[in-house]
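Asker: Return atomic coordinates for the entry below.
(one chain, ligands or ions: 2)
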Amino acid sequence: MLIRTVAVPPFFKNGYVVSCEATREGVLIDPGDEVGELLETARRDGTTITAILLTHAHLDHVTGVAAAKRALGVDVWLHRDDEFLYNGVVEQGMMFGLRVERQPKIDRYFEPGVPFTFGGCIADILHTPGHCPGGVCLAIGETGSAARDLFVGDTLFAGSIGRTDLPGGDTETLLRSIREVLFSFPDDSAVYSGHGPATTIGEEKRTNPFLT
Ligand SMILES: [Zn+2]
Ligand SMILES: [Zn+2]
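Answerer: Ligands and ions are numbered 1, 2, ... in the order given. Down below sits the predicted model:
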């Protein structure tokens, strides 16, 4: 599995291209303002992107969806419970004093428990509300292996957790999602967050001040 990360100002939100090394099929996760660099990285790697997967629909995670959809023509996936945020992206931008283009419609809704596959890779969809109602984490690995890398959006960060003061956020729900869903993965599972450096489940269990 090949993982590429790009983050740019003003939000320094991590966008990801995750691809299967054998088939060079991949997915684009949370394209924001760094979408141009992500697409260029995929092109250099020879990756064919087969889907745009959104961990949630906050502004910083979706501002590149329109450009990605224009370039790739593939389906955009989101959890249904975040569609109200997605449809309000222009208004989210106004809260930050930013002009944001309206994004193309969602093509497919995640169904937790129904995995998504690309090449020789599989993404299990985990509904992890709390930061927002339709937040999901993607547990991605190779078919036939139990090992999973976790793409957690803004649910969990190295040393911190997602904010819960935005519409639909709830701290107790978030902590439950992290403890019951994410912490059920082995300690050595890599965690790729929506902001900041990567970490592991074991490291967060041991040192995250919100969870110890
Ligand atoms: Zn967020
Ligand atoms: Zn974010």
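Asker: This structure against ligand 2: which residues are in contact?
Answerer: By CB under 5 Å from the ion, the residues of the chain that approach ligand 2 are 13, 60, 154, 194. All C-beta atoms are positioned from the backbone trio N, CA, C, and that covers glycine.
Asker: looking at these, which has the most residues close by?
Answerer: Among the residues of the chain next to ligand 2, the one with the most neighbours (other CB atoms under 10 Å) is Gly194, at 29 neighbours.
Asker: The nearest residue to Arg176 once chain neighbours are set aside is in what secondary structure piece?
Answerer: Nearest non-adjacent residue to Arg176, counting by CB to CB, 6 or more residues apart in numbering: Gly130, 7.1 Å away. For Gly130, there is no enclosing helix or strand under DSSP states H and E.
Asker: Next, Ile122: phi, psi?
Answerer: Main-chain dihedrals, Ile122, degrees, to the nearest 10: phi -130, psi 140.
Asker: What of Thr128?
Answerer: Thr128 adopts backbone torsions of phi -130, psi 70, taken as degrees, to the nearest 10.
Asker: With Val136 instead?
Answerer: The phi/psi pair for Val136 (degrees, to the nearest 10) reads phi -130, psi 150.
Asker: mind listing what it touches?
Answerer: For Val136, the contact set (CB atoms under 8 Å, 6 or more residues apart in numbering) comprises 55-56, 79, 110, 112, 125-128, 153.
Asker: Counting only strands, which of those make the cut?
Answerer: 125-127, 153 (DSSP state E).
Asker: hey, where'd the strands end up in the chain?
Answerer: Secondary structure of the chain (DSSP E): strands located at 2-6, 15-19, 25-29, 48-53, 76-78, 108-109, 116-118, 121-127, 136-142, 149-153, 156-157, 160-161, 190-193, 199-200.
Asker: got a markdown table for these, with mean pLDDT and distance to Leu85 too?
Answerer: Shown next, in a markdown table, are the strands of the chain (pLDDT from 0 to 100; distance: least, CB to CB, whole Å):
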| stretch | mean pLDDT | distance to Leu85 |
| --- | --- | --- |
| strand 2-6 | 97 | 23 |
| strand 15-19 | 98 | 18 |
| strand 25-29 | 98 | 17 |
| strand 48-53 | 98 | 16 |
| strand 76-78 | 98 | 9 |
| strand 108-109 | 98 | 14 |
| strand 116-118 | 95 | 21 |
| strand 121-127 | 97 | 15 |
| strand 136-142 | 98 | 13 |
| strand 149-153 | 98 | 12 |
| strand 156-157 | 98 | 19 |
| strand 160-161 | 98 | 19 |
| strand 190-193 | 98 | 19 |
| strand 199-200 | 98 | 25 |
